[in-house]
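1. What follows is a predicted protein model with its sequence.
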Amino acid sequence: MKIAIDGPAGAGKSTLARELAKIMGFIYIDTGAMYRAITWKVIRENIDIDNETAVRDLAEKTRIHFEINSQTQKIICDHEDITSVIRSPQVGDLVSRVALFPLVREILVKQQQEMARNNSVVMDGRDIGEIVLPDADFKFFLTAEIEERARRRTEEFNQAGYSVTADSIRDDLNRRDKSDYQRPVGALKVLEDSIIIDTTDLTVAEVLKRMLAIIRGE
């Protein structure tokens, strides 16, 4: 089975996809983390982030995979655990620029499709239902009001030890929304077969219950 979860930043995609995969016994593929991994390498290797060819070459030689250790999923990049470092504000500020490159997206989409070829998966991102898993059994689109998304993301950063303000996060989310909805390739969009869930006033448990009921036909 293939379950696609799309939506804007801060809507709860990663948390819900991770928990849903755990309940279903499926593999969780965090596509956003893969783009963050490439962005992190771009920063570390001091590559010009506006040079698509250079970033593409970097993505082509980078090996990314996911590991589950003590119920926690980690992202491994070239044998290095980068689960925490890719969540920094610096990576977050630049990842949408890397995700705009068609050549980079082509490489990562192939990797994501290969992961889903012989496994039951839950995959979240911006273009999963349309581009990565167009044959997904279920296509969820999670959304939430911008103020709530900014609150959640600010809380995440502060808990991780980063000092950020809700205003700066809101501005960043607005910028990323504009970029995600308008990008020429892999744009964020609601599809005809999308199942829309507004998570603004719902807890994780409530959203999970709703998703599971749909999947199980209850």
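-> Nice, thanks for sending it over. Numbers count the residues shown, from 1 in each chain.
2. Helix or strand, whichever it is, which one in this protein has the lowest mean pLDDT?
-> The helix or strand of the chain with the poorest confidence is strand 64-69; it has a mean of 82 (mean pLDDT, DSSP states H and E).
3. Make sure residue 75 is indeed in a strand.
-> Yes: applying DSSP: H, G, I helix; E, B strand; the rest coil, one finds residue 75 inside a strand.
4. Which residues are in contact with it?
-> By Cβ atoms under 8 Å, 6 or more residues apart in numbering, residue 75 lies in contact with 30, 33, 34, 37, 64, 65, 66, 81, 82, 83, 86. Using the backbone N, CA and C atoms, a C-beta is placed for each residue, glycine as well.
5. Can you verify my assumption that the fourth one contacts residue 64?
-> Yes: taking contact to mean Cβ atoms under 8 Å, the distance of 5.3 Å between residue 37 and residue 64 places them in contact.
6. can you give me the strands for the chain?
-> 2-6, 27-30, 64-69, 72-77, 80-81, 121-125, 138-143, 195-198 (DSSP state E).
7. could you give the mean pLDDT of the fourth one?
-> Across strand 72-77, pLDDT averages out at 87.
8. what's the angle from it to strand 64-69?
-> With axes from the mean of the first three to the mean of the last three Cα atoms, to 10 degrees defining the directions, strand 72-77 sits at 150 degrees from strand 64-69.
9. Which neighbours in the sheet does strand 72-77 have, and how are they oriented?
-> The pairing partners recorded for strand 72-77 under DSSP bridges are strand 64-69 (antiparallel), strand 80-81 (antiparallel).
10. Tell me which of those is the most buried.
-> strand 64-69 (a mean of 14; mean count of other Cβ atoms under 10 Å).
11. Now do that strand: everything it contacts.
-> Contacts for strand 64-69 (Cβ under 8 Å, 6+ apart): 27, 28, 29, 30, 34, 37, 73, 74, 75, 76, 77, 111.
12. okay, the closest residue to residue 8 other than its chain neighbours: pLDDT?
-> With sequence-adjacent residues excluded and distances taken as Cβ to Cβ, 6 or more residues apart in numbering, residue 8 is closest to residue 177, at 5.4 Å. Per-residue pLDDT puts residue 177 at 89.
13. Neighbours of residue 177, how many?
-> 17 (other Cβ atoms under 10 Å).
14. dump the residue contacts of it.
-> Counted by Cβ under 8 Å, 6+ apart, residue 177 has contacts 8, 9, 146, 188.
15. Tell me where the model's unsure across the chain.
-> Residue ranges of the chain with pLDDT under 70: 69-71.
16. centroid residue for it?
-> By Cα atoms, centre = their mean, the mean C-alpha position of the chain lies nearest to residue 32, the distance being 3.0 Å.
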